[in-house]
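Chemist: curious how this folds, go ahead:
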Amino acid sequence: MTESRKHELGGIFANLPIDGSPLDNPWSSESSPTVPVSTISPEELAELAAAAERPERSEQPQPPEPPAVASGEGPTRAASATQAPDAPTWTPAATTGWFLLLDTGQQLALPGPSFVVGRRPGESEGGLPTIAIPDPHKTISRVHARFDLIDDQWQATDLGSANGIVTVGPEGTESIIDPGGSTPVVGRFVLGLVGMQFVRIPGVQ
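Modeler: You can find the predicted model right below:
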């Protein structure tokens, strides 16, 4: 290429050598800086792009964590903030779904599906819990009868009482249980001179 032709082209071609020698490479490894290759993954790049598009939210201060207490430090162990509440405490009557209603209107909670009643029973009779029946006329024996809930039906057993157990039918007919005998009780019944009946608690199975 002639000098006149080089001037016609102008620009970078003005510095082209006319003897055909190779051009100097300005981007050779000796003169160009080393550019590190990015190690970010496409997934991380996508997360960064999504985070850049979301509006910034101010972080709410978090309450401090309760101090950790090592296990085995005795009963005074710190309770966790997420500890489940205590289970509800049920009354004895609620455990059977029934209570004993006296003719006087007094309601007596039942200690379980089997128990002993009397005027002055001990805390336990024959290994069973007891109920003291109020009887100002003392017509109920000290240990009078046993009651058992069998297949959702109350069964009465006389324990050798002085005045026995009298069941009252729907029409008011009365039947006395023999000493030591057992019978289902439905509706009202009488121990001595004290009338009573079992009443189911609504909504309790």
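Chemist: quick check: mean pLDDT across the helix or strand harbouring residue 198?
Modeler: For residue 198, the element it lies in under DSSP states H and E is strand 194-200. In this model, strand 194-200 carries a mean pLDDT of 97.
Chemist: what's in contact with it?
Modeler: Residues outside strand 194-200 that contact it (Cβ atoms under 8 Å, 6 or more residues apart in numbering): 97-103, 107, 133-135, 139-140, 154, 168, 185, 187-190. To be clear about C-beta, it is placed using only N, CA and C from the backbone, and glycine gets the same treatment.
Chemist: so which of these sit within strands?
Modeler: Here DSSP state E is the test, and the contacts of strand 194-200 give 98-102, 107, 154, 168, 188-190 as lying in strands.
Chemist: check the spatially closest residue to residue 100 that is not a sequence neighbour and give its pLDDT.
Modeler: Closest residue to residue 100 apart from its sequence neighbours, by Cβ to Cβ, 6 or more residues apart in numbering: residue 108 at 4.2 Å. Here, the pLDDT recorded for residue 108 equals 96.
Chemist: circling back to that earlier point, of the ones in strands among the contacts of strand 194-200, just the buried ones, ChimeraX syntax please.
Modeler: Buried members of those, defined by 16 or more other Cβ atoms under 10 Å, are picked up in ChimeraX with:
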select :98,99,100,101,102,154,168,188,189,190
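Chemist: out of the ones in strands among the contacts of strand 194-200, which comes closest to residue 44?
Modeler: residue 98 (67.4 Å; Cβ to Cβ).
Chemist: which residues sit in contact with that closest one?
Modeler: For residue 98, the contact set (Cβ under 8 Å, 6+ apart) comprises 110, 149, 154, 198-201.
Chemist: thinking again about what came up before, can you give me the buried ones in the strand holding residue 198?
Modeler: If you call a residue buried by 16+ other Cβ under 10 Å, then strand 194-200 has these buried ones: 194, 196-198.
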